[in-house]
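A.B. asks: Sequence first, predicted coordinates after that:
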Amino acid sequence: MGLIKCPDCGNMVSDRAVACPSCGCPAEAFGSAPFSQGNAGTEPDLETQICSFIAYPLYRSFDREDLMQANMRVVDYLKSRLNGVRPVTFFSLENSDLAKSVVGHEFTFPYVFVTSSFRYHLDYKSFTLTRSDGNKVTRYYDRNTLPCEYAPRIEVISDNEAEVIDLIEKIKDIFRVPLRFTAPFLGAKDEYLTFDCEIESVQMARDIYSGGKTVFLHKTVVFKKVPWASYTDDEVNPCKNEAMNLLRKLQYAQFCLLYSEKAGTPEEKDHYRIRWEKACAEANLPNDFYMYGKIVSLRDNDGLLYIINALDENVTRTIDDILEEIKEKVTTMYLEEQRQMQEDAYYESRYDSGRPSILGDILKTAAGVALGNKLSEKLDKKDKR
């Protein structure tokens with residue numbers, strides 16, 4: 001991944017981003033030349049590299065309205081517990097201008113981002129809401145409110161390794177026992193969703209080394225996903241960032257495809273099939289195409305899952321970029337199959353000519369131990385006859 005100077009605001013942005021996180025300039029205006037300092041082809045300086053890494057949680061923070069509202073509950077609680085313990089820069093709805101300072105290389109470590117883990121889920125039938133008067137009500141998922149799972153993610157970033165480790169330990173201590181939060185349900189007034197925060201794992205997301213030591217560290221506290229109700233009206237529950245909007249749209253397309261196969265009535269099947277087709281078209285997914293005699297589909301479940309995982313790992317990527325990666329992998333698999341077929345044919349011909357030394361030759365080839373074991377079994381069976 002390279003960095004490009006935004007032609008509108010002059011800040012640096014990933015060459016895989018769909019828009020500048022500072023001013024919103026679309027990727028089409030970026031051009032194609034990656035940014036470098038000094039001589040052409042040199043690596044970006046350390047501050048530029050750090051800026052590109054911070055861009056990932058920045059993008060993920062501008063999510064759907066309901067998820068951002070839920071994340072804010074966690075942010076507010078963390079602020080109340082960590083204030084006075086150590087200075088921390090929280091990124092949230094209240095200080096979205098922080099994005100401009102980060103892209104401008106103005107770093108005030110440590111940073112804490114609260115982002116979302118989210119996926120649609122086919123198996124849930126109903127959900128519980130808490131009203132402002134404390135009473136609970138059970139609702140059933142429908143076409144406007146889809147079943148899903150959600151969990152916040154707390155991402156800690158600093159240029160001081162000890163600082164990140166210490167802050168992560170404090171967060172783990174805060175959530176030593178599961179804590180319950182409430183967030184507005186956007187499908188109705190004065191009704192709230194509840195969610196429990198129970199730590200699932202702590203992940204080392206990425207780091208940067210320079211001069212033999214860690215100069216930038218990024219760790220994430222991941223919570224267990226809990227049932228959630230996703231209100232699908234884009235006017236009421238919009239996505240605040242185009243890159244995140246693409247990821248959520250593809251997750252929605254996958255849900256509609258799977259649900260259309262599971263739906264009980266023809267009318268339901270048609271309804272979700274149409275929504276799947278529309279979501280794929282809005283995401284600019286290409287139609288199925290052939291490579292080396294095989295169909296490659298980005299719109300079936302496997303194709304959608306591949307793209308969703310790629311975007312979940314790096315939300316600044318584009319469909320075109322991921323498509324090129326898929327084509328490269330298909331080509332690599334095809335060439336490997338051709339090579340393996342040629343090797344199989346070659347060794348089979350040597351075996352047919354009565355040369356039992358084939359096993360030793362197989363184990364020396366790039367075909368590997370698996371192929372050697374396979375042909376070794378064939379030789380054993382032949383010898384026993």
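C.D. replies: It's in. Note that the structure is a prediction, hence the values are computed from the model and not measured.

A.B. asks: ranges for the strands of this protein?
C.D. replies: Applying DSSP state E to the chain gives strands spanning 3-5, 12-14, 89-91, 111-120, 126-131, 136-140, 145-158, 179-184, 191-197, 199-210, 213-223, 226-231, 289-291, 294-296.

A.B. asks: So which of these is the most surrounded?
C.D. replies: Among the strands of the chain, strand 12-14 has the highest mean neighbour count (mean count of other CB atoms under 10 Å), at a mean of 24. The way it works is simple: take the backbone N, C-alpha and C, and place the C-beta from them, glycine included.

A.B. asks: Determine the longest helix present in this protein.
C.D. replies: Scanning the chain for the helix with the most residues, using DSSP state H, yields helix 319-352.

A.B. asks: where does the chain have low pLDDT?
C.D. replies: Counting by pLDDT under 70, the low-confidence segments of the chain come to 1-5, 7-44, 93-94, 205-206, 211, 346-385.

A.B. asks: Keeping just the C-alphas, turn stretch 235-245 into CSV.
C.D. replies: Provided in CSV are the C-alpha atoms of stretch 235-245 (Å, rounded to 0.1, in the frame of the first residue of the first chain):
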residue,chain,number,x,y,z
GLU,A,235,-32.0,7.6,6.1
VAL,A,236,-32.5,6.7,9.8
ASN,A,237,-29.4,4.6,10.2
PRO,A,238,-26.8,5.9,7.7
CYS,A,239,-23.2,4.9,7.4
LYS,A,240,-20.9,7.9,8.1
ASN,A,241,-18.0,6.8,5.9
GLU,A,242,-18.1,5.6,2.3
ALA,A,243,-15.5,2.8,2.9
MET,A,244,-17.4,1.4,5.9
ASN,A,245,-20.6,1.8,3.9
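
A.B. asks: Report the buried residues of that stretch.
C.D. replies: 237, 239, 241, 243-245 (16 or more other CB atoms under 10 Å).

A.B. asks: contacting residues for the most centrally placed residue in the chain?
C.D. replies: Central residue of the chain (CA atoms, centre = their mean): residue 312, 0.6 Å from the mean position. Residues near residue 312 by CB atoms under 8 Å, 6 or more residues apart in numbering: residue 247.

A.B. asks: distance of it from residue 285?
C.D. replies: Distance from residue 312 to residue 285, counting by CB to CB, to the nearest Å: 16 Å.

A.B. asks: cool, and residue 61?
C.D. replies: Distance of residue 61 to residue 285, computed by CB to CB: 26 Å.

A.B. asks: Looking at the two, which is more packed in?
C.D. replies: Shown here are residue 61 and residue 285; by other CB atoms under 10 Å, residue 61 has more neighbours (26 against 20).

A.B. asks: hang on, the more buried one packs against residue 95?
C.D. replies: No: under the criterion of CB atoms under 8 Å, residue 61 is not in contact with residue 95, lying 10.6 Å apart.

A.B. asks: Can you work out which residues contact both of those two?
C.D. replies: Overlap of the contact sets of residue 61 and residue 95 (by CB under 8 Å, 6+ apart) is empty.

A.B. asks: Just give me the closest of the buried residues of stretch 235-245 to residue 148.
C.D. replies: residue 237 (12.0 Å; CB to CB).

A.B. asks: contacting residues around that closest one?
C.D. replies: Neighbours of residue 237 in contact, by CB under 8 Å, 6+ apart: 64-66, 186, 230-231.

A.B. asks: now the residues you listed in TSV, with distance to residue 164?
C.D. replies: Converted to TSV, the contacts of residue 237 look like this (distance: CB to CB, whole Å):
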residue	distance to residue 164
64	28
65	30
66	29
186	34
230	32
231	35
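
A.B. asks: how about residue 296, what does it touch?
C.D. replies: Contact analysis of residue 296 by CB under 8 Å, 6+ apart lists 288-290, 303, 326-327, 330.

A.B. asks: same check, this time on residue 188
C.D. replies: By CB under 8 Å, 6+ apart, the residues touching residue 188 are residue 129.

A.B. asks: And it, its phi and psi?
C.D. replies: Dihedral pair for residue 188: phi -160, psi 150, per degrees, to the nearest 10.

A.B. asks: quick one: it from residue 282, how far?
C.D. replies: Residue 188 sits 27 Å away from residue 282, going by CB to CB.

A.B. asks: can you pull the contacts of the residue lying closest to residue 298 once chain neighbours are set aside?
C.D. replies: Of all residues beyond its chain neighbours, the one nearest residue 298 is residue 285 (4.8 Å), with distances taken as CB to CB, 6 or more residues apart in numbering. Residue 285 sits next to 250, 253, 298-299, 303, 307, 319 when contact means CB under 8 Å, 6+ apart.

A.B. asks: got a list of what residue 257 touches?
C.D. replies: Residue 257 sits next to 272-273, 276, 299-301, 304 when contact means CB under 8 Å, 6+ apart.

A.B. asks: hang on, isn't residue 126 packed against residue 137?
C.D. replies: No: counting by CB under 8 Å, residue 137 is not a contact partner of residue 126; they are 10.4 Å apart.

A.B. asks: taking the contacts of residue 285 one by one, which sit in helices?
C.D. replies: 250, 253, 303, 307, 319.

A.B. asks: Turn these into CSV, columns for neighbour count and distance to residue 80.
C.D. replies: Converted to CSV, those look like this (neighbours: other CB atoms under 10 Å; distance: CB to CB, whole Å):
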residue, neighbour count, distance to residue 80
250, 26, 36
253, 26, 39
303, 21, 44
307, 26, 39
319, 18, 41
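
A.B. asks: Quick check: beta-bridge partners of residue 128?
C.D. replies: Under DSSP bridges, the beta-bridge partners of residue 128 are residue 138.
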